[in-house]
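Engineer: below are the sequence and a predicted model for it; my questions follow.
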Amino acid sequence: MDTISRENNSMLPVGGIIVGVIALLLGGYAAITLSKVNKTLAEHDTKLARVEAVESAANAAAAAAEKSGKDVQGLTRSTQDAFNQVGGELASLRASVTKLEESAKKPVVAEKGGKKGSGEPAVAGPNEYVVKAGDGGAKIAKANGVALADLQAVNPGVDWTKLKVGQKVKLPAKK
């Protein structure tokens, strides 16, 4: 005789069906939950990609800022070097200008008798003119009422572009 009778076994298939249905329901719930988790993961992946893009851009900006900082430091050094060099040149020019100003304030000592530095100012003789600051050939000719060509003719050795203060030039006879 069988230990399990047919009458007692009638509940077994129903129990199996119930367990199967519960398993299907749990499997469906697990599939729905897994779908939600996958969707959330996809959203997080998108956000993570954005964060990584921002991080990459921030790193690139930091590298560019560092390079710009080094460039600014280099430009600052080269500008300072240029200012130092120009400052030295300006000091030299200032000294030269000061010497020129001092020499312009001193009285002009002209040649007398072929000797320089006699200490006496030049005096124009008859038919002579002593060059003053700012004089040129045309100005001298006009001031003395003579033609420029005549003035140049009686002074053949004079360089009219390089007249010196105190230099004597001959004046032509007036017509």
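Structural biologist: Yes, it's here.
Engineer: quick one: the most centrally placed residue in the chain and residue 68, what's the gap?
Structural biologist: A centroid search over the chain (Cα atoms, centre = their mean) returns residue 75, at 7.5 Å, as the residue closest to the centre. Computed with Cβ to Cβ, to the nearest Å, the distance linking residue 75 and residue 68 is 10 Å. Any C-beta I mention is one placed from the backbone N, CA and C, and that applies to glycine too.
Engineer: helix, strand, or coil at residue 169?
Structural biologist: strand (DSSP: H, G, I helix; E, B strand; the rest coil).
Engineer: number of residues surrounding it?
Structural biologist: Residue 169 has 21 neighbouring residues, counting by other Cβ atoms under 10 Å.
Engineer: which strand residues bridge it?
Structural biologist: Here residue 169 sits in beta bridges with residue 129, going by DSSP bridges.
Engineer: from what I can see it touches residue 158, true?
Structural biologist: Yes - with contact defined as Cβ atoms under 8 Å, residue 169 reaches residue 158; the gap is 5.9 Å.
Engineer: give me the below-cutoff pLDDT ranges for this protein.
Structural biologist: By pLDDT under 70, the low-scoring segments of the chain are 1-9, 105-125, 175.
Engineer: which stretches of it form helices?
Structural biologist: Secondary structure of the chain (DSSP state H): helices at 11-105, 137-143, 148-154.
Engineer: quick one: the residue nearest to the centre of the chain from residue 37, how far?
Structural biologist: Relative to residue 37, residue 75 is positioned 56 Å away (Cβ to Cβ).
Engineer: hang on, the earlier thing: now tabulate the helices of the chain in TSV and tack on distance to residue 163.
Structural biologist: Converted to TSV, these look like this (distance: least, Cβ to Cβ, whole Å):
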stretch	distance to residue 163
helix 11-105	16
helix 137-143	8
helix 148-154	12
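Engineer: that concludes my questions; thank you for your assistance.
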